[in-house]
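Asker: Need a 3D model of the sequence below.
(one chain, ligands or ions: 1)
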Amino acid sequence: MFSKILIANRGEIAVRIIRVCQEMGIRTVAVYSDADADALHTMLADESVPIGPPPPGQSYLRGDRIIETALRLGCDAIHPGYGFLSENADFAEAVQRAGLTWIGPGPAAMRTMGSKTSARAAMTAAGVPVVPGYQESQADADLLAAAHRMGFPVLVKATAGGGGKGMRIVHDPADLPAALGSARREAANAFGDDRIYLEKLVPNARHIEFQVLGDHHGNAVHLFERECSVQRRHQKIVEETPSPLLDDDLRRRMGEAAVAAVRAVGYVNAGTLEFLVDPATRQFYFLEMNTRLQVEHPITEQVVGVDLVKLQIRIAAGEPIPFRQEDLSQRRHAIECRIYAEDPANGFLPSIGKVLRAVEPVGPGVRVDAGITTGDEVTVHYDPMIAKLIALGEDRDDAIRKMDWALRHYVILGVTTNIPFLRAVINHEAFRRGEATTQFVDRYFADWRPPQADPPDLVLAAAALSELLESATLRAAPLAVGAAAPSAAAGGDPYSPWRSLVGFRVGQG
Ligand code: MV4
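Answerer: Predicted coordinates:
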């Protein structure tokens, strides 16, 4: 087993990885940008090393500096988390060339899946159903002919893409040439690669993905599905498992396809196969494979009873997967809500500033994976996702009720969050019925505005306490002892109630 791991990431996922390393007795090295000198991950790691200015291109994407840091500090391995360098095959290869272990799949599998067309080819060869499409030529005339054969509407997608970048829906043949041009321009800008391909549109699709694991000994398993149909602008908001759409037969067939995919590309470590499911025909189609740990991995952990980050580390260290497919099952129902520092009343613009108070909900079946705490700064430099709330219930209704309770009791003051939006989503009748498709947010929440919600109990308690203290401080003031004493007790925090409480106590005495 490794003795020291460098975590090439920040935020909640860096914290998650550091905690499991602590549990496993592995020392940790954090890297941080100038914006994260006081961040949670920087504080929690055994050693922390600055790697550059706030823009990711000058810090968290500086693979050369990260590898140099890992070597200098005597690390055995690098965990990339998600985002940043996690799906960069050149970086994975550089890590390995430096004599370090890459906690992720091999660079060859990363490259096969990184190109959406080579992934489609590999999956077709493995007998995994892919969406009908065309990827044999880049010439407009060939693409137009193929679209006519396939039938409209079609989707134009970027070969280097993923996540909806460079994607265009085309209903009318006359619009195809313009869509090809704009998709190529967007792809060239985003990926430095203007190649595109066509897929037939799967209408009202559900997004269902399968978690997989492969090891260095030829073992491959799936850990069932996650449904992620609730997205806004290709950003996932709510994920759950089991999917309310699947029955045992469809689940078994999709799981077998996922394992076949792992075996076909010799995939090692944790990965996710994304599928679209047509609810009308119950046909499933491979969409793409993500060669990393996913944001929404905790719901699988809660329902299957595994620790995916621990498994990633053990597999990278050469250990076999410690269970067989037939040992795995889904128990209970888990939902994840992603908490973003953004303002739903203001076009979901990022909300930045100091987190004045963060109080996490705690209780049976409630898990919080957070990257921020009271006093932290949310900046413009990084993803606005500041925490994930995970509820585990006896069944789906129980999980939804528990999530609603947890959302009501998550206090985040100082930055605006999407918590009211999340409550509206999970309480919407279409979601309650388990019928949300990938069109759900556009269809029902296009004009959504936050209600004037009742303040959470903790805020009311804080307001009441504040009033009490203010009147107490006024009574204490004539004694004139409140001025010198508070600063030490308040620890320099201007918002600390102890600042006035000290005066209160002295005043009473
Ligand atoms: C599709 C599709 C329907 N048919 N492909 C969007 C992001 C990228 N990963 C793939 N996406 C889609 N591809 C075909 N052939 C619908 C979407 C899609 C979508 C997929 C998953 C979750 C949310 C979505 C929202 C809009 C469109």
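Asker: Tell me the residues of this protein that contact the ligand?
Answerer: Within the chain, the positions adjacent to the ligand are 131, 155, 162-164, 167, 199-202, 205, 207, 231, 234, 276, 287, 438 by C-beta under 6 Å from any ligand atom. To be clear about C-beta, it is placed using only N, CA and C from the backbone, and glycine gets the same treatment.
Asker: Just the residues contacting stretch 122-142, thanks.
Answerer: 112-113, 117, 120-121, 143, 146-147, 150, 159, 176-177, 180, 195-200, 202, 257, 260-261, 263-265, 276, 283-287 (C-beta atoms under 8 Å, 6 or more residues apart in numbering).
Asker: Narrow the residues of the chain next to the ligand to those that are buried.
Answerer: Among the residues of the chain next to the ligand, those buried by neighbour count (16 or more other C-beta atoms under 10 Å) are 131, 155, 162, 167, 199-202, 205, 207, 231, 276, 287, 438.
Asker: Go through stretch 436-449 and flag the buried ones.
Answerer: A436, T437, T438, F440, V441, Y444, F445.
Asker: Check the fourth one and give its pLDDT.
Answerer: Turning to F440, the model gives it a pLDDT of 96.
Asker: Surely it and E227 touch.
Answerer: No. With contact defined as C-beta atoms under 8 Å, F440 does not count as touching E227 (11.3 Å).
Asker: Next, the buried residues of stretch 120-137.
Answerer: In stretch 120-137, counting by 16+ other C-beta under 10 Å, buried: R120, A122, M123, A126, V128, V130, V131, G133, Y134, Q135.
Asker: ok, of the residues you listed, which one's closest to the ligand?
Answerer: V131 (4.2 Å; C-beta to the nearest ligand atom).
Asker: quick revisit: name the pair among the buried ones among the residues of the chain next to the ligand with the greatest separation in space.
Answerer: Using C-beta to C-beta, the two most remote members of those are K200 and Q231, lying 20.4 Å apart.
Asker: hmm, back to that, just curious, which of the buried residues of stretch 120-137 is nearest to L465?
Answerer: Closest to L465, out of all of these and judged by C-beta to C-beta, is V131, at 56.8 Å.
Asker: how close does the closest one get to A205?
Answerer: Look at V131 and A205: by C-beta to C-beta, to the nearest Å, they are 9 Å apart.
Asker: overlap in contacts of these two?
Answerer: L276.
Asker: leaving aside the residues next to it on the chain, what's closest to T272?
Answerer: Closest residue in space to T272, ignoring its immediate chain neighbours: N290 at 4.5 Å, by C-beta to C-beta, 6 or more residues apart in numbering.
Asker: And for P420?
Answerer: Using C-beta to C-beta, 6+ apart, the closest residue to P420 is P450 (4.4 Å).
Asker: by contact count, what packs against whichever strand or helix holds A358?
Answerer: In this structure, A358 sits in strand 357-359 according to DSSP states H and E. Strand 357-359 sits against strand 411-413, with contacts defined as 3 or more C-beta pairs under 8 Å, 6 or more residues apart in numbering; DSSP states H and E.
Asker: All the strands of the stretch 1-150 of the chain, residue numbers only.
Answerer: If DSSP state E, counting those that start in this stretch is used as the criterion, the strands of the stretch 1-150 of the chain fall at 4-7, 27-33, 47-52, 77-79, 101-102, 133-134.
Asker: With mean pLDDT as added columns, please give these in CSV.
Answerer: Formatted as CSV, these follow (pLDDT from 0 to 100):
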stretch, mean pLDDT
strand 4-7, 98
strand 27-33, 98
strand 47-52, 98
strand 77-79, 99
strand 101-102, 98
strand 133-134, 96
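Asker: Tell me which of the ones you listed lies nearest to A70.
Answerer: Among those, strand 4-7 sits nearest to A70 (C-beta to C-beta), with 4.3 Å.
Asker: so what strands line up beside that closest one?
Answerer: strand 27-33 (parallel), strand 77-79 (parallel) (DSSP bridges).
Asker: Pull out the C-alpha coordinates of the first one and format them as PDB.
Answerer: What it means is strand 27-33. Output of strand 27-33 as PDB, limited to C-alpha atoms (Å, rounded to 0.1, in the frame of the first residue of the first chain):
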ATOM      1  CA  ARG A  27       0.000  10.500   4.500                       C
ATOM      2  CA  THR A  28      -1.400  13.300   2.200                       C
ATOM      3  CA  VAL A  29       0.100  16.200   0.200                       C
ATOM      4  CA  ALA A  30      -2.300  18.900  -0.900                       C
ATOM      5  CA  VAL A  31      -1.500  21.400  -3.600                       C
ATOM      6  CA  TYR A  32      -3.200  24.800  -3.500                       C
ATOM      7  CA  SER A  33      -3.500  28.000  -5.500                       C
END
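Asker: Find the nearest non-adjacent residue to L246, please.
Answerer: Nearest to L246 is E225, by C-beta to C-beta, 6+ apart, at 6.3 Å.
Asker: Report whether that neighbour is found in a strand, as I expect.
Answerer: Yes. Assessed with DSSP: H, G, I helix; E, B strand; the rest coil, E225 lies in a strand.
Asker: if I pick it, what's in contact with it?
Answerer: I208, E209, F210, Q211, T241, P242, S243, L246, R251, M254, G255.
Asker: The same query, at a cut-off of 6 Å, please.
Answerer: I208, F210, S243 (C-beta atoms under 6 Å, 6 or more residues apart in numbering).
Asker: just those now: which is nearest H79?
Answerer: F210 (22.2 Å).
Asker: these two touch, right, that closest one and L273?
Answerer: Yes. With contacts counted by C-beta atoms under 6 Å, F210 reaches L273, the gap being 4.8 Å.
Asker: domains of the protein?
Answerer: Domain segmentation of the chain under automatic domain parsing yields 4-103, 132-200, 206-339+388-408+416-445, 481-509.
Asker: Out of those, which is closest to L458?
Answerer: domain 206-339+388-408+416-445 (9.9 Å).
Asker: Give me the distance between the two termini of that closest one.
Answerer: Taking C-alpha to C-alpha, to the nearest Å, domain 206-339+388-408+416-445 runs 18 Å from one end to the other.
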